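how does the following fold in three dimensions:
(2 chains)
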2 protein chains.
Amino acid sequence: MRVFVKGYYSTKFGELWDKSLSDLIEEAIFGVLKSANLEVKDISAIFVGNMLSGMLDENLLLSAKINEILGNPGLPIFRFEAACASGGTAFYNAVQFLKAEKGKNVLVLGLEKMTDFCTEDVTTALASALSGEEQVAGLTFPGAYALMARYYLEKYGYSEENLAYVSVKNHFFGSLNPKAHFRKKITLEDVLNSAYIAEPLKVLDCSPISDGASALILSTEKSLVEVASCEVATDTISLVRRKNLDEMLSVKRSGERAFSFAGVEAKDVDVAEVHDCFSIAEILVIESLGFWKKGEGGERMKEFDLEDPFKSKPVVNTSGGLKAAGHPVGATGIKQIGEIFLQLSGRAEKRQVEGAKLGLAQNTAGSGGLSVVTILKR
Amino acid sequence: MRVFVKGYYSTKFGELWDKSLSDLIEEAIFGVLKSANLEVKDISAIFVGNMLSGMLDENLLLSAKINEILGNPGLPIFRFEAACASGGTAFYNAVQFLKAEKGKNVLVLGLEKMTDFCTEDVTTALASALSGEEQVAGLTFPGAYALMARYYLEKYGYSEENLAYVSVKNHFFGSLNPKAHFRKKITLEDVLNSAYIAEPLKVLDCSPISDGASALILSTEKSLVEVASCEVATDTISLVRRKNLDEMLSVKRSGERAFSFAGVEAKDVDVAEVHDCFSIAEILVIESLGFWKKGEGGERMKEFDLEDPFKSKPVVNTSGGLKAAGHPVGATGIKQIGEIFLQLSGRAEKRQVEGAKLGLAQNTAGSGGLSVVTILKR
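Have a look, this model is predicted:
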């Protein structure tokens, strides 16, 4: 059974203080139904990615709450939590539902409401996706990725400048995306002069805390963009149990499986969205997927040229990535696939990669404990 | 693609203060692998049901934590949250994974660690699965089911005694189950003399707070017990938006779909596990599934006879139900299906329903916002 992407809608990402989680759910669901020209009655099930509504807002059983928002059609609705890859795992299971011939159209929804809560509470809640020992020892996610960044920079002889190009690039693309949290271009100097969060990572190496919801319609009915593969893999959650801090094994494993299942290679990919929760993450993911060789990323990132921003293959994070588009964690994995869908259907407007035929979205949980790789083709 | 149950293992349910969540995960996973004569390498994916590890223990991304416990095989591992039906929704998606031909064997794990936390915190965390308005107004689950109980008793002219038989029956069966939280038989007087929690429900009308983990192996390889159907449905989460407080619409919808898909009727079922989080819940579920007519349950429940405990058709909650076997919420949906598996494979020991060929497990989320019905046959 072949599975196609039939529609995509995303709310704006950002500090959406005037919108509740229910408002975001409603906007995303009815937005995506409209985009696919469907009604609630045409949908067989809903798959929802959300990480933190329980911890931050004492809000669980979203399945039944969403059913109520829809006027009680009684649909099967499932909620997935895999930290920042909650959206990706929801998507994966939605694909299997269709392949198992349980229905014709399904809706996949990713969402997170984060900015109503104080930053300290959000940081603590996010740290629940670290290993228990590292969490209790006081590690946070900026700290975890700072360890990976230091290891990488020292191993290959790079400086913080090599990381900074990631943020410059992603803010450039964010400036072209009307739904992005940040639409301001930044310079190398801006990044290098920003304050340290966890050395060597600075404010402008880090993705923001955002609100937002994104939704996709998947269908067994043939349309332009097909899901060529979607694969999930795990790694140790503890950094201390990894052989090399610069190899994201879950990304490598999920990427290899996804390329193999789709029958394509890294070099064939025209456009990619990868999980740049921190600047170092984008480099490590790109290398682990095989787009660049190990250790090459720090240098290759500097090739990004504001005068010719679409010249690389693949073009990476045209949505602005997590860095500039924002990172409402449960929504991120869906927004990534949505951006690839827009690219392959020629609807990415100012961000359009001309002639894009093959695209990849990669969604990481935590410090790499789990990864989802989805390949779309037209 | 046909799907079979190949193995089942459950830890003891109860106050397991000397065991961590990781200990329970390890015991259940290696226990069920042994029961199916398989190793980790034979498994294609793991589906995990858990409700509260985030809210109670700041513990998310269980997928990667489980992968690490297994020595980092890198498997796809998914976590589901649907309140007390988290286990059931994990099972549902595991079935679709196999039907989509993604692998040969999968492991489904349900787990919850609750007794390390104070009762007030657990009650508050559980209330996150009520509607937001009812939660903010101070409703808790005993309160929600008390409303349903009062409605039912008054509508049909029953008394609290009619409810009490549920607990007497389930404690009788719990006394036969070595894994049950409570193995003590109780009398009608015990129930009626116990203290009110939320009138008309008393202590002995309520399932306990428990720790435990249960696991199943599903396989596309033919074996004795087959998954005839598994269906999920939702209802409004708010009690105030229900037409009749004595009709559990999500149970009715999921039951009708499951009977229809399996091509069987309620009268064919030999043995059933239903979600008796409170005594009233068992009666409402049995009626909503169509085993008994609406309003009949209060009277029919009194027919239970300690001298001939297996005479009804179906025999209900031979595990002891949530009431006596215990209710580690994420584990409950898996334990229910596991009990039916034991019954159909003739391995339920002192609880064996002779000649059982068709069994049903029903798992409710919250006050009925979602329900999963699974039918197994031999």
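
and the strands in chain A?
A:4-10, A:45-49, A:77-80, A:105-112, A:196-198, A:201-202, A:212-219, A:225-234, A:271-273, A:315-316, A:358-365, A:370-377 (DSSP state E).

mean confidence for the fifth one?
I take that to be strand A:196-198. Summarised as a single mean, pLDDT over strand A:196-198 is 97.

nearest to chain B: which residue in the stretch 51-200 of chain A?
residue A:64 (2.6 Å; Cβ to the nearest Cβ). C-beta coordinates here come from the backbone N, C-alpha and C atoms, glycine included.

ok, that residue - how many residues close by?
When counting by other Cβ atoms under 10 Å in any protein chain shown, one arrives at 31 neighbours for residue A:64.

surely it meets residue B:233?
No. With contacts counted by Cβ atoms under 8 Å, residue A:64 stays clear of residue B:233, the gap being 10.2 Å.

shared neighbours of those two, which are they?
B:250, B:370 (Cβ atoms under 8 Å, 6 or more residues apart in numbering or on different chains).

give me the pLDDT for residue A:64.
Residue A:64 is assigned a predicted lDDT (pLDDT) of 98.

what sits against the residue nearest to it when sequence neighbours are not counted?
Closest residue in space to residue A:64, ignoring its immediate chain neighbours: residue B:369 at 2.6 Å, by Cβ to Cβ, 6 or more residues apart in numbering or on different chains. Contacts for residue B:369 (Cβ under 8 Å, 6+ apart) come out as A:61, A:63, A:64, A:65, A:67, B:83, B:129, B:234, B:235, B:236, B:237, B:250.

got those as TSV, with distance to residue B:21 columns?
Below are these laid out as TSV (distance: Cβ to Cβ, whole Å):
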residue	distance to residue B:21
A:61	21
A:63	23
A:64	26
A:65	26
A:67	30
B:83	18
B:129	20
B:234	28
B:235	31
B:236	32
B:237	27
B:250	29
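
and these, which two are furthest apart?
Pairwise distances across the contacts of residue B:369 (Cβ to Cβ) peak at 14.4 Å, for the pair B:83 and B:236.

with neighbour numbers in mind, choose between the two.
Counting neighbours by other Cβ under 10 Å for residue B:83 and for residue B:236 shows that residue B:83 has the greater number, 28 against 22.

so the more buried one sits right up against residue A:61, yeah?
Yes. Using Cβ under 8 Å, residue B:83 is in contact with residue A:61, at 4.2 Å.

mutual contacts of those two, please.
B:129, B:365, B:366, B:369, B:370.

ok, so of these, who is nearest chain A?
residue B:369 (2.6 Å).

how about the helices in the stretch 201-350 of chain A?
Ranges of helices in the stretch 201-350 of chain A, per DSSP state H, counting those that start in this stretch, are A:249-262, A:279-289, A:297-300, A:321-325, A:329-344.

hey, which of those helices is tucked in deepest?
Ranked by mean neighbour count, these are led by helix A:321-325 with a mean of 32 (mean count of other Cβ atoms under 10 Å in any protein chain shown).

neighbours around residue A:185, how many?
What residue A:185 shows, counting by other Cβ under 10 Å, is a neighbour count of 15.

and what of residue A:244?
Count around residue A:244 with other Cβ under 10 Å applied: 12.

skipping its backbone neighbours, what lies nearest it in space?
Closest to residue A:244 by Cβ to Cβ, 6+ apart is residue A:151, at 7.9 Å.

which residues touch the nearest residue to residue A:59 once chain neighbours are set aside?
Excluding its sequence neighbours, the residue lying closest to residue A:59 (Cβ to Cβ, 6+ apart) is residue A:53, at 4.2 Å. The contact partners of residue A:53, taken as Cβ under 8 Å, 6+ apart, are A:21, A:59, A:60, A:62, A:112, A:113.

and if we set it to 10 Å?
A:21, A:59-62, A:65, A:79, A:81, A:111-114, A:330, B:54, B:81, B:128 (Cβ atoms under 10 Å, 6 or more residues apart in numbering or on different chains).

from the residues you listed, which land in helices?
A:21, A:62, A:65, A:330, B:54 (DSSP state H).

these two touch, right, the third one and residue B:134?
So that's residue A:65. No. Residue A:65 lies out of contact with residue B:134 (Cβ atoms under 10 Å); the separation is 11.5 Å.

neighbour count: those two, which is higher?
More crowded of residue A:65 and residue B:134, by other Cβ under 10 Å: residue A:65, with 27 against 19.

thank you, goodbye.
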